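1. Could you look at this predicted model? Sequence included:
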Amino acid sequence: MNTQTVSASAARAYKSDVKPVWCPGCGDFTVLSAITKAFAELGLPPEQVAVVSGIGCSSRIPAYLNTYGFHGVHGRATALATGLKLARPDLTVVVASGDGDGFSIGGNHFLHACRRNVDLTYIVMDNRVYGMTKGQPSPTTEPDWDNALTPGGTGLRAFNPLVIALASGANFIARGFSGDPVGTARLIVEAIETPGFSFVEVLSPCVTFRPDQRDWRNAVRPAPVQPTGDIGAAARRLMTDDGFNLGVLYVGSRTPYQTHRTAAPVSPSEIEQQFAV
Amino acid sequence: MNTQTVSASAARAYKSDVKPVWCPGCGDFTVLSAITKAFAELGLPPEQVAVVSGIGCSSRIPAYLNTYGFHGVHGRATALATGLKLARPDLTVVVASGDGDGFSIGGNHFLHACRRNVDLTYIVMDNRVYGMTKGQPSPTTEPDWDNALTPGGTGLRAFNPLVIALASGANFIARGFSGDPVGTARLIVEAIETPGFSFVEVLSPCVTFRPDQRDWRNAVRPAPVQPTGDIGAAARRLMTDDGFNLGVLYVGSRTPYQTHRTAAPVSPSEIEQQFAV
Amino acid sequence: MSEDSAEFGNVSIALTGSGGAGVITAGAMLLDAAARAGCYGMFVRSSGPQIRGGEAAALIRLSMQPVEAQDDVFHLLVGLDWHNIERFAVELPLAANSLVIADPANGPPPEVIIETGARIVEVPLKDMAKAVPNGRPNMVALGLIAGLTGLPEETLQAALAKVLEGKGEKALQASLAAALAGLATSAGLEFDRRLPAATGHEKSRWQISGNQAAGLGAIRGGVRFVAAYPITPATEILEWLAAGLAKVGGALVQAEDELASINMIIGASYGGTPALTATSGPGLALMTESIGLAVASEVPIVVIDVMRGGPSTGIPTKSEQSDLNIALFGLHGDAPHIVVAPASIGDCVFTANWAVHLAESLQVPALVLSDQFLGQSRAIIDQPADLAFATQRLTVETVGDGYRRYALAAGGVSPMAIPGTPGGQYTAEGLEHTPRGMPSSQVTDHVAQLDKRRDKILGFDYGDHWAQITEDVDSDLAIITWGSTAGPVREALNRLRAGGRTFRLIVPRLLAPASPQRMAAALRGVKRALVIEQSHSAQFFHYLRGYFDLPCPADSYHRPGPLPFRPGELVEQIANWSAA
Amino acid sequence: MSEDSAEFGNVSIALTGSGGAGVITAGAMLLDAAARAGCYGMFVRSSGPQIRGGEAAALIRLSMQPVEAQDDVFHLLVGLDWHNIERFAVELPLAANSLVIADPANGPPPEVIIETGARIVEVPLKDMAKAVPNGRPNMVALGLIAGLTGLPEETLQAALAKVLEGKGEKALQASLAAALAGLATSAGLEFDRRLPAATGHEKSRWQISGNQAAGLGAIRGGVRFVAAYPITPATEILEWLAAGLAKVGGALVQAEDELASINMIIGASYGGTPALTATSGPGLALMTESIGLAVASEVPIVVIDVMRGGPSTGIPTKSEQSDLNIALFGLHGDAPHIVVAPASIGDCVFTANWAVHLAESLQVPALVLSDQFLGQSRAIIDQPADLAFATQRLTVETVGDGYRRYALAAGGVSPMAIPGTPGGQYTAEGLEHTPRGMPSSQVTDHVAQLDKRRDKILGFDYGDHWAQITEDVDSDLAIITWGSTAGPVREALNRLRAGGRTFRLIVPRLLAPASPQRMAAALRGVKRALVIEQSHSAQFFHYLRGYFDLPCPADSYHRPGPLPFRPGELVEQIANWSAA
Ligand SMILES: Cc1ncc(C[n+]2csc(CCOP(=O)(O)OP(=O)(O)O)c2C)c(N)n1
Ligand SMILES: Cc1ncc(C[n+]2csc(CCOP(=O)(O)OP(=O)(O)O)c2C)c(N)n1
Ligand code: SF4
Ligand code: SF4
Ligand SMILES: [Mg+2]
Ligand SMILES: [Mg+2]
């Protein structure tokens, strides 16, 4: 069964009945659809899935899903999800956030989540702006984008999250586009299926504060190359990438991190013996 | 004048009269010497230099210098230094910290300092351990290093700070070794002279909790290649680097970030006019 | 609500509609027109959770007197449509004599409106707009409201011209035509809340929001470096400062997070530049560790917290006074610092300015507690006085041998060497330290520095600024309140005075350090006190009990947000309390 | 110091020396030998700022009674050398009848020692050690101390054997020979503090530090997931738990910082696993934002704060009770949570266990305030009882339609669906929310959820655990204290009782929520109360004033660290106060 053949109703079953607060036309609507399509394709029981997010328009997503969810604080979703997955390896844990949540305030957890390589799937809805706080630049914003907080633009080179993910150890790296929900669903399926930390950047236009992003549909294209497992080749590719190549860009083979739980636990009273005089 | 000819007394003038708390034999002693040598070679007036640090054995360094200093909180030195340099572009601002301070709790500021590319020099004394808290693994610690907090080792791939620096935009990247104070001083001189964010990792053994690092003196070698300005080549090189190549490894040409201060400031009462009815 | 602000020359208007209907634009124009007409006024926006496209309401109060609170009821409600109006209903109290303008194109008005008993009049706003080329219903409504409230046509024209300046003559004419259509229609409607014509006024007036006012106060105080991480409802301070600082020769930098922004301003201030950041509860929580660093290393900084509903992410768009505890007590260890709070939109200018002055004079972090209500509301106010504060940062120019940054000077404030000063080299230190700044764990150093840091802020002369003590200062019944709650309390006391009951009102601006002596003096002769605040756990009341020697029994009236205090509610509470 | 603990069977010993001299090893062996000899005791380490190679002191008190404080003076001081002894002098009070053992190889004893008037006896420790192949002076000193204090030779042998187990027979024999040389020498020295031979005891005893005890309490309470970021003086909790959890089937993960560790435990607990982290002031400050998330989303977590000197980085290796404020009030918004504090090393087991029980039962964060003194001191104690607490997390097994995670259940605790439970899917929410967990800014939801979160912790039955009320419960003079200060206070009261003065002692373990009724009941009949604490700004005293209805006038005795309270100081303070 592939994403296209999964029935729309199977996907819809993963949606909650809560109406999103998003602006009409926001890219996040189709990311939501892509996620439900992916869950349906994988046939995940909704109660076995937890979607963890931070704060931002994109981070509102858990409430719109019929899975378990955690809408935490700004920037800490990957850390919260790490604790959840380590304590409950049986669950499928997906993290969802925005470019501000994930790369600005959440940058350290992003680095260390990649490095730790816990079996999580991290979906970042990248709109190169702080949508929820009404239009400030994020790390992925173009240096010359004019706005009230940094008039004339930040003057800073945009952050390349895929390169950082690769450099810090993510095991699966892909880029999707919200205008292509079927393709994005496919990426999410592969991300979930690949063990370890999987990072999926989804270009998801903010129609309100970045109306120029409506043009993204003309800019994106399938990456002209096949996914690679060669970290050097991937580095070269990602460093020169213009940000609009879609598809799986790197798949590694690192073993996911797990905490080792003894199969033969003893009772607390046994370990107390060490204190006996 | 080069580092070797700078008189020892000129360098000593940058030392304060405070006795370091470091363990006898700690690598940080010679990093301190390298820094003073570099300042002497550059002939910096001590009152024009500020050294900002976090918390850790290595971060104690400002008090041992006769420059201005700030011993701040754990992990935030680059942010504090950024504010200082932006407000006072006339000063030479050097940041000093350890691998825990800089790459664990301070990872986000490291990322964004590289990206922001403010004209700072960041020296990290990397001993692959939390020295000050008595021997826990840091992000650069080998995965199998046994310790009380993660018995048997963390099982995590070591963090490669040079790759992250490159990927996030640092303009100068070098590696030194505390056993080579003259070479390290040379790197620091070049780092300070290169505009923008310069990152110098100095391998600095912790003789107390990592006595094995005494062997580093046998492992290090000058990098077999010349510094490059090609980011792709640098990426390839750093990704495959074993951590013991010394020297300048990358020098870019990005323009440093500065806040733009108007040359013709008006008085506050002039801008108040916007509120007048 | 027990009593209404029935007096003449005071009208409250709500304009509601779904996203894109333009109620906020129309509201801003209305306030501007009223300002030109010589009125005072206040403009509060309320909107649903959507970023755009959600329902919104413009809540405007116009008056011939300064306005610091929303009134008990809206006298006029104009519904461009009824989208999600239930969500707002509780924010839109209507009385039987309120007038509701409903557009028949939207069908019958919703039950929540009808059940208020308000008089409902149908006006075909949409049809009227359609009749004007490019006309929009919000402009029709604007004209209608202007007409009903008695704003002169030329003020309306001027307000439209200002906002539509850049949009071209055609857009302006379309809007104006629509507004005039509305204005014309108003003539046929009965409404008893028409404002009188203003008779000119001496003081010049400003139109300003509390967030802008706080930004301006900071610049007046000398702030020239700001580090910013956006957060509702503080973002406008930062955005206003970005432009403002550029003009006065300062700079703003966007930080990666609040941990960075607080450290950036510590760095800038250590370098000699007065520095500030603004945030809200979640951001303040992230900053407390480093605010403690500024306490220990004695670096002046100013942090403005524009409070919103808590705990956690809470209710970002609504006001509450529940960050008092974290502002007073959120730092680990014994970490004395300054906490001040403005008591009105206009007072944000003074208080932010004063905070910079205190921080700089005392080499200490100063926290300013504003809130969403003060910050995001826009008011017409008398132009705030520009006070020049004398003491500023004590620095050393020339340094002899052995500079001691943390010397135990009389008064506790020791001169600071700014980097660049020859011979002044020292290390600013977050560990406990000797007078020279060297780390020390000796009891003598610890006690000496703890004493120093406490004494410098206790011994400072805060003058009369520490509180506003007003209304009937001879009354033996006192009301103690703070921040944005002061506005509605003041109005309630005015009404009670009209009924012959008098109260002393004490609104401390200086919340920390606690000033029990000053408070005791302010309470001299008082028999009972009532503490009023907008928090669920009565944080202010407990703080007063714990740290002040109230010479009289004190009671508490407190409740959380999101609803603002209205004068009527407080009249009732205060009357009941004083009768008990 | 006004009165000395002159009673028989109680001796305090200090062993000092520069880094590498091995005073800490010798001190640990001495405590172990004393435990085997049937004594109680306490072992405090003190060291300079150096990580290694700096001066250190092993401070040991042995007694036939349980020990919870350092004594007023040291009866015996053995100096392996005098390196930097001035730094320690104030921690090493000596009396005229104290015995100082000085090694003539180190030259004459320093002035700070001589001026105490203590009796100084020279013993050539280094020479004696040299006389033994591979002998070391610290072992000679150990033997000497054992001899002087009357510890049987076989206990010394056993202690040495235990520590040197892995080092081979030769090392053990060398150490033993050196120790026996010291023991032999002791016979020739006069010392009047020899301990009596113990007469066997019923309860089994433990040797444990407060940090280990807290870790054990957590495991007993059911904690099976810990996220860790090291910080002095909390690291040992984490390190002990790393090994302990591995044995009981749990796991510890090292986090990149405290922001991560707090969120990791929230995630783990949301997943159904009781979870904990431990930190100190700076780390706690970083965690407050997310602790607020746990309050709002109602996820149980436990955070242990092992307090150290503040503010900022402060004095990491010394104790202080100055994080009370941040623990109580450090969260933004109105965020009710639990704060508990152990009152002794042994009580760390109970209090940590109870904290897990409260957090899980109430679905709330519980903060445990330990401190450096409790955490890093090692004591010989009676084996703590293993209490089984009944209530644990309320979960749903099967869920009908429309599961409402934040339903307004009676008592405020609503059943939690653990991920994996079919039909229980919900979103844990940090925004204000409806009972279903959907974001809401409606006043009804806000008030209902604020009430719920407050009421559940106010309504809980904390039983007698809320406080230890001991000593003379009929006295009309009360002492109120908390945490590690309780130990020295208790000893001071014992001495005062010996002098015929009696006091009621109240040591609340439950600091938040405030329990004014329980406190009032505990104070029934009390005429005056004295509040004693180790903070510069009297945080506990002000908290009691603000939140409790003390039925009697209360006074405060408070001072900051780094010096511990000694009973004599408190005897004097309490006596003066009660006489006033
Ligand atoms: C600690 C903290 N700081 C700041 C905020 C304010 N805030 C909310 S969302 C957001 C940015 C969101 O940007 P992004 O993650 O890109 O999401 P988007 O809205 O664009 O989908 C910010 C700064 C917050 N909630 N908490
Ligand atoms: C917020 C906070 N968390 C934890 C600590 C404790 N701490 C002090 S130094 C340190 C690690 C230092 O490691 P590194 O930066 O590598 O320095 P080193 O001592 O190895 O030179 C830690 C965790 C702290 N001071 N503050
Ligand atoms: S503001 Fe932008 S990101 Fe947010 S909902 Fe609207 S379109 Fe989407
Ligand atoms: S512990 Fe390690 S890093 Fe710290 S001073 Fe000693 S040798 Fe140096
Ligand atoms: Mg975004
Ligand atoms: Mg290190």
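-> That came through fine. Ligands and ions are numbered 1, 2, ... in the order given.
2. which phi and psi does residue 172 have?
-> Chain wasn't specified; assuming chain A. Residue A:172 adopts backbone torsions of phi -150, psi 130, taken as degrees, to the nearest 10.
3. what's it in contact with, if anything?
-> A:190-191, A:194, A:196-199, A:248, A:250-252 (C-beta atoms under 8 Å, 6 or more residues apart in numbering or on different chains). C-beta here means a position set from N, CA and C on the backbone, and glycine is covered the same way.
4. among those residues, who's most crowded?
-> Within the contacts of residue A:172, residue A:197 tops the neighbour count with 32 neighbours, counted by other C-beta atoms under 10 Å in any protein chain shown.
5. Confirm for me that that one is in contact with residue A:119.
-> Yes: between residue A:197 and residue A:119 there is a contact at 7.3 Å, judged by C-beta atoms under 8 Å.
6. Check the contact lists of those two and give me the overlap.
-> Residues touching both residue A:197 and residue A:119 (C-beta under 8 Å, 6+ apart) are residue A:256.
7. Give me the number of neighbouring residues for residue 203.
-> In the absence of a named chain, this looks at chain A. Residue A:203: 28 neighbours (other C-beta under 10 Å).
8. my bad, the chain I had in mind was chain C
-> Applying other C-beta under 10 Å, we find 9 residues neighbouring residue C:203.
9. Equivalent analysis for residue C:74, please.
-> Using other C-beta under 10 Å, residue C:74 has 27 other residues around it.
10. Quick check: phi and psi at the spatially closest residue to residue A:225 that is not a sequence neighbour.
-> Once flanking residues are discounted, residue A:225 sits nearest to residue A:237: 6.8 Å by C-beta to C-beta, 6 or more residues apart in numbering or on different chains. Dihedral pair for residue A:237: phi -60, psi -50, per degrees, to the nearest 10.
11. just checking, residue A:237 touches residue A:249?
-> Yes: with contact defined as C-beta under 8 Å, residue A:237 reaches residue A:249; the gap is 6.8 Å.
12. list residues touching both of the two?
-> Residues touching both residue A:237 and residue A:249 by C-beta under 8 Å, 6+ apart: residue A:228.
13. Kindly report the residues of the stretch 101-250 of chain A close to chain D.
-> A:108-109, A:111-112 (C-beta under 8 Å from any C-beta of the partner chain).
14. which pair in the residues you listed spans the largest distance?
-> Spatial extent of these (C-beta to C-beta) is set by the pair A:109 and A:111 at 7.3 Å.
15. got the residues of the stretch 51-200 of chain A near chain C?
-> Contacts of the stretch 51-200 of chain A with chain C, taken as C-beta under 8 Å from any C-beta, map to A:55, A:57, A:71, A:73-75, A:104-105, A:107, A:130-134, A:136-137, A:139, A:148-151, A:154.
16. hmm, back to that, and residue A:109 and residue A:111? which has more neighbours close in?
-> Neighbour count, other C-beta under 10 Å: between residue A:109 and residue A:111, residue A:109 has more, with 31 against 28.
17. Tell me if I'm right that the more buried one and residue D:258 touch.
-> No: between residue A:109 and residue D:258 there is no contact under C-beta under 8 Å: 11.9 Å.
18. does residue C:233 really touch residue C:308, like I thought?
-> Yes: counting by C-beta under 8 Å, residue C:233 sits close enough to residue C:308 to count as a contact (5.7 Å).
19. list residues touching both of those two?
-> C:280, C:316-317, C:372.
20. picking up where we left off before, can you tell me which of the residues of the stretch 101-250 of chain A next to chain D is closest to residue C:558?
-> Nearest to residue C:558 among those is residue A:109, at 37.3 Å by C-beta to C-beta.
21. Is that closest one in a helix, a strand, or coil?
-> helix (DSSP: H, G, I helix; E, B strand; the rest coil).
22. contacting residues for it?
-> A:75-79, D:256, D:259-260, D:263.
23. Kindly present these as TSV, with separate columns for secondary structure, distance to residue C:96 and pLDDT.
-> Below are the contacts of residue A:109 laid out as TSV (DSSP: H, G, I helix; E, B strand; the rest coil; distance: C-beta to C-beta, whole Å; pLDDT from 0 to 100):
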residue	secondary structure	distance to residue C:96	pLDDT
A:75	coil	50	98
A:76	coil	51	98
A:77	helix	50	98
A:78	helix	56	98
A:79	helix	55	98
D:256	coil	61	98
D:259	helix	54	98
D:260	helix	57	98
D:263	helix	52	98
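24. near ligand 2 too, which of the residues you listed?
-> Applying C-beta under 6 Å from any ligand atom to the contacts of residue A:109, one finds that nothing falls near ligand 2.
25. what's the closest of these to ligand 1?
-> Nearest to ligand 1 among the contacts of residue A:109: residue A:75, at 6.8 Å, using C-beta to the nearest ligand atom.
26. That closest one against residue A:103, yeah?
-> No: if you go by C-beta under 8 Å, residue A:75 and residue A:103 don't touch, sitting 9.4 Å apart.
27. who has more neighbours, the two?
-> Just comparing residue A:75 and residue A:103: by other C-beta under 10 Å the higher neighbour count belongs to residue A:75, 32 against 28.
28. what about the closest residue to ligand 3 within the stretch 151-277 of chain A, which helix or strand?
-> Nearest to ligand 3, among the residues of the stretch 151-277 of chain A, is residue A:206, at 3.2 Å (C-beta to the nearest ligand atom). For residue A:206, there is no host helix or strand (DSSP states H and E).
29. I'm done for today, thanks for sticking with me.
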